[in-house]
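**Q** model this:
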Amino acid sequence: MYVFSSKLKTRTFFLSSHLLPQQSIPYATLFQELGIDGNVRDVEDLIIETIYMAFLSGRLDQRRGLFRVKGAVGRDVRLEDVEGMIGKLQKW
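**A** Predicted coordinates for the structure are as follows:
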């Protein structure tokens, strides 16, 4: 059972919903988007915590300073994603 602070909850939901369309995301982008001061360990801890909660899957690439996204649980379908979803379903 996880006890969320509001800051952790916001950051976790950001990661899970915004990383899905991307294949990889640089740590520098995460620092900026999440308001983290550039501490790599803080970003990695947040990603690891989000992976443990099963909201996100992927690999940390410490050498290149990025997270390689394998999958993420999205919260809501965005309107701009609907056409792409329809196309994928039609191909299927």
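**Q** export only the CA atoms of stretch 43-60, formatted as PDB.
**A** Coordinates of each C-alpha in stretch 43-60 appear next as PDB, following Å, rounded to 0.1, in the frame of the first residue of the first chain:
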ATOM      1  CA  VAL A  43      14.600  11.500 -11.100                       C
ATOM      2  CA  GLU A  44      15.700   7.800 -11.100                       C
ATOM      3  CA  ASP A  45      14.100   7.200  -7.700                       C
ATOM      4  CA  LEU A  46      10.800   8.700  -9.000                       C
ATOM      5  CA  ILE A  47      11.000   6.500 -12.200                       C
ATOM      6  CA  ILE A  48      11.700   3.400 -10.100                       C
ATOM      7  CA  GLU A  49       8.900   4.200  -7.700                       C
ATOM      8  CA  THR A  50       6.500   4.600 -10.700                       C
ATOM      9  CA  ILE A  51       7.700   1.300 -12.100                       C
ATOM     10  CA  TYR A  52       7.000  -0.500  -8.800                       C
ATOM     11  CA  MET A  53       3.500   0.900  -8.800                       C
ATOM     12  CA  ALA A  54       3.000  -0.700 -12.200                       C
ATOM     13  CA  PHE A  55       2.200   2.700 -13.900                       C
ATOM     14  CA  LEU A  56       5.300   2.600 -16.100                       C
ATOM     15  CA  SER A  57       7.800   0.100 -17.600                       C
ATOM     16  CA  GLY A  58      11.100   0.700 -19.300                       C
ATOM     17  CA  ARG A  59      14.800   1.000 -18.700                       C
ATOM     18  CA  LEU A  60      17.000   3.600 -17.200                       C
END
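**Q** next helix or strand past the helix or strand bottoming out on mean pLDDT in the chain?
**A** Least confident helix or strand of the chain, by mean pLDDT, DSSP states H and E, is helix 6-18 with a mean of 68. On the C-terminal side of helix 6-18, the closest following helix or strand by DSSP states H and E is strand 24-26.
**Q** other residues contacting that next one?
**A** With CB atoms under 8 Å, 6 or more residues apart in numbering as the test, strand 24-26 has contacts from 19, 61, 65, 66, 67, 68, 69. For the C-beta atoms, the positions are set from N, CA and C on the backbone; glycine is no exception.
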